[in-house]
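[1] Have a look at this prediction, sequence included:
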Amino acid sequence: MTFFDKGKKIYKRLKSKLEKRHKWEIIAIEPDSGKYVIGKDELDVALKAQHNFPGKIFDFFRIGYTAVHKFRLQKWKGYLTQTLSR
């Protein structure tokens, strides 16, 4: 099982409980221990995760959604541009 698969499995287990109170917030999961932190945005949760679990790597999820960010390619004056939405 890959690192991301572990985090995804943990998130799926927690999802229904977390969606009631934390929809739209970000969760950082440390897959080896299963421990996690929740924050209002990516920076908030990343700082909490680094503080609580120094030296670890995390999987990030937006609670209640399939992705933390969505990238879109748009054509503008003949050029492709990339936009980020939350």
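    Yep, it's here.
[2] make it CA atoms for all contacts and neighbour counts henceforth
    Fine.
[3] Low-confidence stretches in this structure?
    Residues of the chain meeting the criterion pLDDT under 70: 70-86.
[4] Check which element follows the longest helix seen in it along the chain.
    Assignment by DSSP state H gives helix 3-22 as the longest helix of the chain. Downstream of helix 3-22, the next assigned helix or strand under DSSP states H and E is strand 26-30.
[5] And for Lys15, the neighbour number?
    16 (other CA atoms under 10 Å).
[6] ok, back up a step: can you show me the CA trace of the longest helix of the chain as CSV?
    What follows is helix 3-22, C-alpha atoms only, in CSV (Å, rounded to 0.1, in the frame of the first residue of the first chain):
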residue,chain,number,x,y,z
PHE,A,3,1.8,6.3,1.4
PHE,A,4,-1.1,8.2,-0.2
ASP,A,5,-3.3,5.0,-0.1
LYS,A,6,-2.8,4.8,3.6
GLY,A,7,-3.8,8.4,4.1
LYS,A,8,-6.8,8.0,1.8
LYS,A,9,-8.0,4.9,3.7
ILE,A,10,-7.8,6.8,7.0
TYR,A,11,-9.6,9.8,5.6
LYS,A,12,-12.4,7.6,4.2
ARG,A,13,-12.8,6.1,7.7
LEU,A,14,-13.1,9.5,9.3
LYS,A,15,-15.0,11.3,6.6
SER,A,16,-18.6,11.0,7.8
LYS,A,17,-17.7,12.0,11.3
LEU,A,18,-15.7,15.1,10.2
GLU,A,19,-18.1,16.4,7.5
LYS,A,20,-20.7,17.3,10.1
ARG,A,21,-18.5,19.9,11.8
HIS,A,22,-15.5,20.6,9.5
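[7] List the contacts of the nearest residue to Trp24 once chain neighbours are set aside.
    The shortest distance from Trp24 to any non-neighbouring residue, by CA to CA, 6 or more residues apart in numbering, is to Ile63 (5.4 Å). Counting by CA atoms under 8 Å, 6 or more residues apart in numbering, Ile63 makes contact with Lys15, Leu18, Glu19, His22, Lys23, Trp24, Glu25, Ile26, Ile27.
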